[in-house]
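one predicted model, sequence on top.
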Amino acid sequence: MPDPVLEVKGLVKRYGDRVAVQRVSFSIREGEVLGLLGPNGAGKTTTISILATLLPPDEGEVRVAGYDLVREPHRVKPLIGFVPQDLALYPTLSAWDNLAFWGRLYGLRGRALHERIAAVLEMVGLHERAHDPVKTFSGGMKRRLNIAAGLIHRPRLLLLDEPTVGVDPQSRNFIFEHIERLKAEGTAILYTTHYMEEAERLCDRVAIMDEGRIIALDTPQGLMRLLGGGIIYVRVPDDAAAALSRARDALPHLRGVTVQDHRLKLETTDAQAALLELIAWCNRHNVSILSLEVLEPNLESVFLHLTGKRLRD
Ligand SMILES: Nc1ncnc2c1ncn2[C@@H]1O[C@H](COP(=O)(O)OP(=O)(O)OP(=O)(O)O)[C@@H](O)[C@H]1O
Ligand SMILES: [Mg+2]
């Protein structure tokens, strides 16, 4: 297996007393998309800002293509493309001139610069609007140009912070296709999002982040296996809950029971089969079901299972 393009070990970042990133470790290989999935305030932007050399880490080690981020920033910077959560564009300048600005920052000049600008504009489908001022662009077009700016110097590692927020479905598909193409070309990609469908669709592996920590990291399929055959949340009257917890013989598809927020959390080997058994048991014992929720095996459910919280509240 090739060495990872990005290696992060034990990263810590504090803002005063608040620990925004707590001992975060992960790596990304060539041609791999790693998703960083987490709710507001999880620490995604803080993590990505450290990797983009915009924020110094308090602890930990980051290596890009083997170079140390803190000790050898001049080696690391040319290898990284960063697409920030907030747009980094000059509204009065044209798309072309914005890209020329970023390209020069990365040391591109003359013909090489000219060719790269034309190439990235083509990539993000904005070549026809090259000479229009950015302030005349739609939100989705600005996002695409923002991505083009992060790609101007052909980075080996692309850092994308929520690139699809506020984007129309067409631009969103465009961005997805584009990421898939970069991946095929071998770019290592870190993709932060709080949309679990995006993480499921795009990412080879997903790191689930909450309150500054990575609480799980695996392929989307591997993460979903944490749910086993699915989970049922059920609320029954208090006097029936204990009896239900003990009714293992009547519920052979039940794997385990815990109490969470006044509900029983039933881990199953097959949610649909367990649901039928549960309903039959309630009927037989004349127990009313006060609330019922079946978790589909998706990343949102995994997050709920791991944290007891929803990704979006
Ligand atoms: N400049 C700052 N000063 C103080 N605290 C900060 C600063 N930036 C972020 N934080 C805090 O650090 C934590 C992580 O924030 P961060 O922006 O990394 O989260 P995020 O996962 O990117 O969230 P979002 O999905 O809202 O973009 C939050 O508690 C936030 O309030
Ligand atoms: Mg953020």
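All right, it came through fine. Residues are numbered from 1 along each chain as shown. Ligands and ions are numbered 1, 2, ... in the order given.

is it true that G10 lies in a strand?
Yes. Assessed by DSSP: H, G, I helix; E, B strand; the rest coil, G10 belongs to a strand.

residue contacts, it?
G10 sits next to R23, V24, S25, E59, G60, E61 when contact means Cβ atoms under 8 Å, 6 or more residues apart in numbering. Using the backbone N, CA and C atoms, a C-beta is placed for each residue, glycine as well.

how far away is the fourth one from I214?
Right, the one you point to is E59. To I214, E59 is 15 Å away according to Cβ to Cβ, to the nearest Å.

the two: which is more packed in?
I214 (23 against 13; other Cβ atoms under 10 Å).

check whether the more buried one sits in a helix, strand or coil.
With three-state DSSP as the basis, I214 sits in strand.

excluding residues flanking it in the chain, which one is nearest it?
Nearest non-adjacent residue to I214, counting by Cβ to Cβ, 6 or more residues apart in numbering: A207, 4.7 Å away.

same question for G60.
Closest residue in space to G60, ignoring its immediate chain neighbours: L11 at 3.7 Å, by Cβ to Cβ, 6+ apart.

what is the burial count for whichever residue of the stretch 51-200 of the chain sits closest to ligand 2?
Of all residues in the stretch 51-200 of the chain, Q85 sits closest to ligand 2, with a separation of 5.0 Å (Cβ to the ion). Other residues within reach of Q85, judged by other Cβ under 10 Å, total 16.

okay, it and ligand 1: tell me how far apart.
Taking Cβ to the nearest ligand atom, to the nearest Å as the measure, Q85 falls 6 Å from ligand 1.

and V33, how close does it get to ligand 2?
From V33 across to ligand 2, the span is 18 Å (Cβ to the ion, to the nearest Å).

wait, L160 sits on A188?
No. Assessed by Cβ atoms under 8 Å, L160 is found out of contact with A188, at 11.5 Å.

tell me the contacts of R284?
Contact analysis of R284 by Cβ under 8 Å, 6+ apart lists A250.
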